[in-house]
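>>> With the sequence up front, the predicted model follows.
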Amino acid sequence: MSLAPFARIPKAELHLHIEGTLEPELAFRLAARNGIRLPYADTEALRAAYLFDDLQSFLDLYYELMAVLVTEDDFEALADAYLERAADQGVRHAEIFFDPQAHMARGITLGTVVEGLSRALARSEERHGVSTKLIMCFLRDQSAESAMETLEAARPYLDRIVGVGLDSAEVGNPAAKFREVYEAAGALGLRKVAHAGEEGDPSYVWEALDVLGVERVDHGLRCLEDPELVARLVRDRVPLTLCPLSNVRLRAIDVLEQHPLVRMMDAGLLCTVNSDDPAYFGGYAGDTFHAVHEALGVHHERLRELARNSFEASFLDGSEADERRRARYLAEVEAFVFDDMTG
Ligand code: HPA
Ligand SMILES: [Zn+2]
């Protein structure tokens, strides 16, 4: 199999919602097997609905389509399809978000979700050559009590969950209300990340850092508006998991050519690029590397920096086996030869 050049660059994916990898074809297949009627005539009609004005208009469809995910087999099929695709795009390691509250609200148990996903994840390294970790996200537009109940419900599965995250509608839902939940997660040994500065102003990023104590900021796009915040992120080497294609589709920026990725790297920020919800936003990990090369002129040493950052910013540091994986992946990044296409 010949992989496109940008897909060959070894990389980690650190910002990826598994529910956002649900391609229309799989959505219809799962709908049929679960006897669910989708309000779209076919996959083309569904794809035509992927025109978003902002984060909320995307989230409405994202939550609606989740209805097709019912059984452990469905979650397994979803994760398996993503991992196969990720492998084709040069992903060596994936830290995968999931949204338990969105499923529990539909009567699906946390066990169904975690058992199904982890069946696919457990054999991913052998089958796809992709190591994995799972990050459980709380919905920031739900209450802190609901988040705490979700953390409690997750106790039997903590051997499969590396950390907690925070996602869904950002503006009007600052992070501070989740202080206790994050403290409790930390006490359980879980790593902490949160979406911040996607649509929200820099105060949302400050709260994620100072109130939740996150080690990585998901998006962080708007940090450039606050030089003190940039200085803090640079000083502490806090990684940002940027998602350029998502920013265009959700209208955070008008066109990819205006994306501040290069300015952010020039400012000394530890940037990574990721695909967020690739089934909806038009590209997986390798496609994203290709797109930033084309639109922003990110050239080979800068592509190498992004690839290196993705492993440095990963949670591959909790065990000797993980340290070995990280060292192997980083060696692959340094040995990667950029050719005319990628240079
Ligand atoms: O891009 C996103 N932002 C916030 N919440 C989300 N949940 C899935 N994707 C996203
Ligand atoms: Zn996201």
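Yep, that arrived. Ligands and ions are numbered 1, 2, ... in the order given.

>>> contacts and neighbour counts: CA atoms only from here.
Will do.

>>> Quick one: residues contacting the closest residue to ligand 1 within the stretch 1-150 of the chain.
Of the stretch 1-150 of the chain, the residue with the smallest distance to ligand 1, taken as CA to the nearest ligand atom, is residue 17 at 5.7 Å. Taking CA atoms under 8 Å, 6 or more residues apart in numbering as the criterion, residue 17 is in contact with 96, 97, 98, 99, 276, 277.

>>> Dump those residues into a markdown table; add secondary structure and pLDDT as well.
What follows is the contacts of residue 17, written out as a markdown table (DSSP: H, G, I helix; E, B strand; the rest coil; pLDDT from 0 to 100):
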| residue | secondary structure | pLDDT |
| --- | --- | --- |
| 96 | strand | 99 |
| 97 | strand | 99 |
| 98 | strand | 99 |
| 99 | coil | 99 |
| 276 | strand | 98 |
| 277 | coil | 98 |
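
>>> Dump these into JSON lines; add distance to ligand 1 and neighbour count as well.
What follows is these, written out as JSON lines (distance: CA to the nearest ligand atom, whole Å; neighbours: other CA atoms under 10 Å):
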{"residue": "96", "distance to ligand 1": "11", "neighbour count": "24"}
{"residue": "97", "distance to ligand 1": "9", "neighbour count": "26"}
{"residue": "98", "distance to ligand 1": "9", "neighbour count": "23"}
{"residue": "99", "distance to ligand 1": "8", "neighbour count": "22"}
{"residue": "276", "distance to ligand 1": "6", "neighbour count": "31"}
{"residue": "277", "distance to ligand 1": "6", "neighbour count": "23"}
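
>>> Identify, from these, the entry nearest to residue 338.
The shortest gap between residue 338 and any of those belongs to residue 276, at 25.5 Å (CA to CA).

>>> Quick one: residues contacting the closest one.
When contacts are taken as CA under 8 Å, 6+ apart, residue 276 is in contact with 15, 16, 17, 20, 243, 246.

>>> Okay, strands next: where are they in the stretch 151-300 of the chain?
Ranges of strands in the stretch 151-300 of the chain, per DSSP state E, counting those that start in this stretch, are 163-167, 191-196, 216-219, 240-242, 271-273.

>>> any idea of the mean pLDDT for the longest one?
Just to be clear, that refers to strand 191-196. Model confidence over strand 191-196 averages 98 on the pLDDT scale.

>>> if we can go back for a sec, the residue of the stretch 1-150 of the chain closest to ligand 1 and residue 99, how far apart?
Plainly put, residue 17 is 8 Å away from residue 99 if you go by CA to CA, to the nearest Å.

>>> Can you name every helix or strand that the helix or strand of the chain with the lowest mean pLDDT contacts?
Across the helices and strands of the chain, mean pLDDT, DSSP states H and E gives its lowest value to helix 5-8, namely a mean of 92. Where contact means 3 or more CA pairs under 8 Å, 6 or more residues apart in numbering; DSSP states H and E, helix 5-8 is packed against helix 285-296.

>>> What residues sit buried inside the helix it packs on?
Neighbour-count burial for helix 285-296 flags 285, 286, 287, 288, 289, 290, 291, 292, 293, 296 (criterion: 16 or more other CA atoms under 10 Å).

>>> Can you convert the strands of the stretch 151-300 of the chain into CSV and add a column each for distance to ligand 1 and mean neighbour count?
Putting the strands of the stretch 151-300 of the chain into CSV (distance: least, CA to the nearest ligand atom, whole Å; neighbours: other CA atoms under 10 Å) gives the following:
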stretch, distance to ligand 1, mean neighbour count
strand 163-167, 4, 23
strand 191-196, 7, 26
strand 216-219, 8, 27
strand 240-242, 10, 27
strand 271-273, 13, 27
